[in-house]
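# Got a predicted structure here, sequence first:
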Amino acid sequence: MALLDPQERTERGQTVAQAVTARDITAPVSPVEASWRDFVFAEIWNRPGLDRRTRYLIAIASAACSNGPADLLDDYIRGALSGGELSQIELREAALHLAVYTGWSRGFELDRAVTRVTAELGMTPCPFAPIRSEPWDPQVRIQEGIDEFDAVMGFPGPPPVTPYFEAGIDSFVFGEMWKRAGLDQRSRRWITLVGVSESCATTPIKTHFFAAMASGNCAPEELQEFVLQYAVHAGWPKASVIQSAVLAMIKNYKAGLGWDA
């Protein structure tokens, strides 16, 4: 087997990094900066297993959850907007979706980064659909949420027997947020997977990764790639937990079993 050229890797990383961030990349001054170019961009972002739009969604969501430098998140947003992979309204909807699965503090982290970058790019703030514009029957909204839960997750939503189930899951999360038109279901799925991965909560992790496949939103091979992309900001130990869950859910899915088999 021919040896690989480190210079070629560096050049590839430089090219990919500039394309992803939509800015000039300066020479690294430390090992971690060099690894950002030579590993993260040259060897992760360049992999064929996920389209670039998907990698942006995973990277943006996980960077917003990491308490890391704001400029890394801004780089992703600038690149996604400049390259046409994500629109301003899609990023605004992504912030709302992230708020549900990681908390409103993280949602604001992303939303304010979008505000910074769009101002930097001279973009006019985009209009957005209200959370709800017409009067509603609370019972109808609950039932719509239960039905949407079933459509998204592949099994019935919880009955509204607690405030969390009634006001949270049924009425808002699935009764309103998942139904919003500003972001497609596949894109929402990737943000959700970052959110449940961050939670380290066993049942949400298993159910959402299984539903990602059962719904047709994500292929098993894409979920394997998700783990590596997610690890960039989450770290290898946390990603190892998700890797185990992904392997288990793929096994169940391919065997025709349920998530809890």
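Received, thanks.

# quick one: the host helix or strand of Glu198 to chain centroid distance?
Using DSSP states H and E, Glu198 sits in helix 185-199. A distance of 5 Å separates the centroid of the chain from that of helix 185-199, by C-alpha atoms, centre = their mean, to the nearest Å.

# what's downstream of it, the next helix or strand?
helix 202-214.

# Quick one: list the elements packing against that following helix.
helix 138-153, helix 185-199, helix 220-234, helix 236-254 (3 or more C-beta pairs under 8 Å, 6 or more residues apart in numbering; DSSP states H and E). Bear in mind the C-beta positions are built from the backbone N, C-alpha and C, glycine included.

# Those: which one's closest to Ala99?
helix 185-199 (9.4 Å; C-beta to C-beta).

# What residues of that closest one count as buried?
Across helix 185-199, burial judged by 16 or more other C-beta atoms under 10 Å covers 186-198.

# Check stretch 207-222 too.
Per 16+ other C-beta under 10 Å, stretch 207-222 contains these buried residues: 207-214, 217-218, 220, 222.

# List just the nearest of the residues you listed to Leu72.
Of all the buried residues of stretch 207-222, Leu72 sits closest to Glu222, with 23.3 Å by C-beta to C-beta.

# give the contact list for the residue lying closest to Gln229 once chain neighbours are set aside.
The shortest distance from Gln229 to any non-neighbouring residue, by C-beta to C-beta, 6 or more residues apart in numbering, is to Ile58 (4.7 Å). Contacts for Ile58 (C-beta atoms under 8 Å, 6 or more residues apart in numbering) come out as 50, 190, 193-194, 226, 229-230.

# cool, Leu98 as well?
Per C-beta under 8 Å, 6+ apart, neighbours of Leu98: 61, 64-65, 106-107, 110, 191, 194-195.

# Likewise for Arg116?
For Arg116, the contacting residues are 70, 74, by C-beta under 8 Å, 6+ apart.
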